[in-house]
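[1] One predicted model, sequence on top.
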Amino acid sequence: MLGRMDGVLELRRSQLRAGRDHLEVALANTIPEWSVPRVSGGLSTWVGLGRPASSQLALAARTVGLLITAGPRFGIDGAFERFLRIPIGYSPEATDRAVQALATAWAQVARHPAADPGYLADVV
């Protein structure tokens, strides 16, 4: 395997580029208000939500079968609450399902602003 490392790495880079490109288009078409930066490397992208709702979104995503970690898990003192870290390495089909689930969860978040204590009461 090590003798073929260059080929393996190029294949994986190509897969990640395709995953990144697919995710960017899917999010732009489905949740256009989010800010999706063009990443040049890595296994994920940090998507800007436009407001501090990452934790609320992660909880809502669970209700539609998507497990995703809220931004603050990657920082301290509430950092990254305006961001969601989304992996780019999945198949186009899995990415499309995840983006649809995120759109459904995002709509739930919009219907229940964080100031609505009833929405999160079941979590505590």
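    Sure, I can see it.

[2] Three-state assignment for the residue nearest the centre of the chain, please.
    With distances taken as CA atoms, centre = their mean, Ile86 lies nearest the centre of the chain, 3.1 Å away. Three-state call for Ile86 (DSSP: H, G, I helix; E, B strand; the rest coil): strand.

[3] list the helices and strands the helix ranked longest in the chain packs on?
    The longest helix of the chain (DSSP state H) is helix 5-30. Counting contacts by 3 or more CB pairs under 8 Å, 6 or more residues apart in numbering; DSSP states H and E, helix 5-30 is packed against strand 44-48, helix 92-111. Heads up, the C-betas are built off the backbone N, CA and C, glycines and all.

[4] Can you list the buried residues in the longest one?
    Along helix 92-111, these residues count as buried under the neighbour rule (16 or more other CB atoms under 10 Å): Thr95, Ala98, Val99, Ala101, Leu102, Ala103, Ala105, Trp106, Gln108, Val109.

[5] quick one: which of these is nearest to Ala18?
    Top of the list for closeness to Ala18, among those and by CB to CB, is Thr95 at 10.1 Å.

[6] quick one, what contacts the closest one?
    Gly19, His22, Leu23, Ala26 (CB atoms under 8 Å, 6 or more residues apart in numbering).

[7] and Pro32, what helix or strand is that in?
    Counting by DSSP states H and E, there is no helix or strand that carries Pro32.
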